[in-house]
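In: Build me a model from this:
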Amino acid sequence: MSEKDHFPIVGIGASAGGIEALEGFFRGLPREAGAALVIVTHLSPDRESLLHEIVARYTDLPVRIASDGEKVGPDRVYIMPSNHILTMQKRHLVLRKNTSRREPKPIDIFFSSLAVDAGEFSVGVILSGGDSDGTLGVKAIKEYGGLTLAQVADGFGPQHPDMPDAAIFSGLIDFAIPVEKMGQKLADYARSLDILDGIAVRAEVIATDRQLDEEL
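Out: Model (predicted):
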């Protein structure tokens, strides 16, 4: 991973009641949080999604439908298209058509691939939804050293608490907080990773200088 890729990638999982939750999330997100945001939802395969247009009403950040092979960047919002499965590989979005007859778990699938790809730079956010999708995904993110958040009751829901509650009850959530407070947490996390990277770089420079001194 190059130094310019040292920013968090935030997977945001939402289902029933997710529109209101996303509104609250983006209203609380600082303008330059320093993270890439990827929204994964349960979408009808038979209907074109207008979620990207809806989310764009709540934020000044660029909002786009995810495209296959696209490299993610900080302070941008990517939305999974309907009837697709979304994963991550080398910080690029990977899309494939959903051909399974079984109901997929798109949030678990994306979070799990994100954990492997981004490690401590992976973040999983679970918003309003009616099942347990995302719980296995946040387990993977925790195993790879990332951060997890889940929505609790506030003015923006969750209208359907099953999905965040399942994640919270698993014991794998770092912050169970109202959705409008998540943005600042993410900005603080991005800043802390940047500070840690700076310390690591300085330590590496010092170690290299000492090695050169010893060789001389």
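In: And the helices in this structure, which stretches?
Out: Assigned by DSSP state H, the chain shows helices spanning 18-27, 51-56, 106-118, 135-143, 162-169, 182-215.
In: who wins for proximity to Leu127 among those helices?
Out: Among those, the nearest to Leu127 by CB to CB is helix 18-27 (4.0 Å). Quick note: C-beta positions are derived from backbone N, CA and C, even for glycine.
In: what's the angle from that closest one to helix 162-169?
Out: An angle of 60 degrees separates the directions of helix 18-27 and helix 162-169 when computed by axes from the mean of the first three to the mean of the last three CA atoms, to 10 degrees.
In: Please write out the alpha-carbon positions of helix 18-27 in CSV.
Out: The C-alpha trace of helix 18-27 is given here as CSV (Å, rounded to 0.1, in the frame of the first residue of the first chain):
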residue,chain,number,x,y,z
GLY,A,18,-31.8,3.1,5.5
ILE,A,19,-32.7,6.4,3.7
GLU,A,20,-33.4,8.2,6.9
ALA,A,21,-30.4,6.7,8.6
LEU,A,22,-28.1,7.8,5.7
GLU,A,23,-29.5,11.3,5.9
GLY,A,24,-28.6,11.5,9.6
PHE,A,25,-25.1,10.0,8.9
PHE,A,26,-24.2,12.5,6.2
ARG,A,27,-25.6,15.5,8.1
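In: Please enumerate residues in contact with it?
Out: 12, 14, 39, 41, 51, 54-55, 58-59, 61, 125, 127-129, 151, 154-159, 178-180, 182-183 (CB atoms under 8 Å, 6 or more residues apart in numbering).
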